[in-house]
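# No letters, just coordinates:
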């Protein structure tokens, strides 16, 4: 009987609290959205399951949680804490990315740069809401709609907020098709949505090989703090474009990025426990993240409209929304919204230019903040 009582005391049933139930329910909702609604299932399913794992009562008492030194989850979380997983994901993104649209029409990089206004405006708002400068910088990066970059910066500047920031960043990345279209329609006219852009020139193989090398040198000279992320991004792209390392490029964009995505989702979810997540600070982070994402989308669209005032070769403002770095989801949204007004208008390739510029821009912004604040 004593052994039976002792066994019952070790189960989670006697230790469960309302916070555990609330967070486990949130994890189930994430899994549901990933499977039933297909909102970025590669992200939401492992994150949702991780939230369930991290909030099971009794796990910490057994020394098996993310916080328990020496546990399996703790070792797996090391890749998040030290910025290893985000860097590997950037290599995979580089191996999947075609920069030819940006090379062919380099002025579109300005749309990716404009969208980064969401980062710095949220940085200021976060300070006004009571966060310290380190926390504000980490929260602001959510405006880039870049989960790996958000995790990378938060792990360096505000590790105690990493779970909430990562969850907010990935949530808004998954909700790109829901959040962006109303903003795009509000800021554009029917005539602007029907603008057809000229067919881009064909980019040579030599240009594609030279670009990642030159772009890496230039961007890291501007922002040395982003060297790790940008090195991985442009190395992955060089592997893709060189034509002699296809096996490595294929591994980076398939097996490597898939494994790392599962690990980062599971461990970040497991880190999001009730005592950390169910706080006023988390609510502020989610509200600031939504505002950051909305501002980034709006500034990309508005800047495209401003550019049209000074050029004869008009830009469809819908592609300005792709300046956030949710690749390729935001580029697809530009295409979907545009075709609602003109079925024969194809914007996705044009939208990929500001989209990939946004990836680079958010990494540069993170490097600038890290360089200034991480000293």
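Right, received. Where do you want to start? Just so it is clear, the structure is predicted and the values come from calculations on it, not from any experiment. Numbers count the residues shown, from 1 in each chain.
# What distance do you get for residue 199 to residue 350?
Shown here: residue 199 relative to residue 350, a distance of 10 Å by CB to CB, to the nearest Å. From N, CA and C alone the C-beta is placed, and that goes for glycine too.
# Of the two, which one has the most company?
residue 350 (27 against 10; other CB atoms under 10 Å).
# which other helices and strands contact the helix or strand harbouring that one?
If you go by DSSP states H and E, residue 350 is part of helix 348-373. Judged by 3 or more CB pairs under 8 Å, 6 or more residues apart in numbering; DSSP states H and E, helix 348-373 is in contact with helix 100-104, helix 109-115, helix 117-128, helix 133-140, helix 147-157, helix 205-222, helix 227-242, helix 329-339.
# list the helices and strands the last one packs on?
Put plainly, it is helix 329-339. Against helix 329-339 (3+ CB pairs under 8 Å, 6+ apart) you get helix 176-187, helix 348-373.
# Those: which one's closest to residue 218?
Nearest of the helices and strands packed on helix 329-339 to residue 218, taken as CB to CB: helix 348-373 at 10.1 Å.
# Between helix 329-339 and that closest one, find me the angle.
140 degrees (axes from the mean of the first three to the mean of the last three CA atoms, to 10 degrees).
# I'd like to check the angle between helix 348-373 and helix 133-140, please.
Using the same axes, to 10 degrees: helix 348-373 against helix 133-140 is 170 degrees.
# so for helix 348-373, what's the average pLDDT?
Per-residue pLDDT over helix 348-373 has a mean of 92.
# In it, which residues are buried?
For helix 348-373, the neighbour count (16 or more other CB atoms under 10 Å) marks 348-370, 373 as buried.
# Reformat the helices and strands packed on helix 348-373 as CSV; add mean neighbour count.
Formatted as CSV, those follow (neighbours: other CB atoms under 10 Å):
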stretch, mean neighbour count
helix 100-104, 21
helix 109-115, 25
helix 117-128, 20
helix 133-140, 26
helix 147-157, 28
helix 205-222, 15
helix 227-242, 23
helix 329-339, 22
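# So which of these is nearest residue 184?
Using CB to CB, the helices and strands packed on helix 348-373 put helix 329-339 closest to residue 184, at 5.5 Å.
# relative to helix 176-187, how tilted is that closest one?
50 degrees.
# Could you give the number of residues near residue 175?
Residue 175 has 18 nearby residues by other CB under 10 Å.
# List the contacts of it.
Each residue near residue 175 by CB atoms under 8 Å, 6 or more residues apart in numbering is listed here: residue 39.
# try it again with 10 Å
33, 39-40, 145, 290, 293, 326, 329 (CB atoms under 10 Å, 6 or more residues apart in numbering).
# quick one, what contacts the nearest residue to residue 346 once chain neighbours are set aside?
Using CB to CB, 6 or more residues apart in numbering and skipping the chain neighbours, the partner closest in space to residue 346 is residue 335 (7.0 Å). Residues near residue 335 by CB under 10 Å, 6+ apart: 318-319, 322, 328, 345-352.
# Swap in 7 Å and give it another go.
Taking CB atoms under 7 Å, 6 or more residues apart in numbering as the contact definition, residue 335 lies against 346-348, 351.
# Same question for residue 101.
Neighbouring residues of residue 101 by CB under 7 Å, 6+ apart: 200, 349-350, 352-353.
# Out of these, the closest to residue 271 would be?
Lowest distance from residue 271 to the contacts of residue 101 (CB to CB) belongs to residue 352, with 32.8 Å.
# hang on, the earlier thing: can you give me the pLDDT of the residue nearest to residue 346?
Note on residue 335: pLDDT of 94.
# Could you tell me how far it is located from residue 77?
Distance from residue 335 to residue 77, by CB to CB: 37 Å.
# so can I have a markdown table of the helices and strands packed on helix 329-339 showing distance to residue 314?
Listed next are those as a markdown table, based on distance: least, CB to CB, whole Å:
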| stretch | distance to residue 314 |
| --- | --- |
| helix 176-187 | 16 |
| helix 348-373 | 12 |
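# Need the helices and strands packed on helix 348-373 in TSV (columns: distance to residue 45).
Below are the helices and strands packed on helix 348-373 laid out as TSV (distance: least, CB to CB, whole Å):
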stretch	distance to residue 45
helix 100-104	31
helix 109-115	28
helix 117-128	27
helix 133-140	25
helix 147-157	14
helix 205-222	32
helix 227-242	24
helix 329-339	16
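# domain ranges for this structure?
Segmentation of the chain into domains, based on automatic domain parsing, reads 1-59, 69-373.
# which secondary element of the protein has the worst mean pLDDT?
Within the chain, no helix or strand scores below helix 2-10, which has a mean of 68 by mean pLDDT, DSSP states H and E.
# I appreciate the help and will end here.
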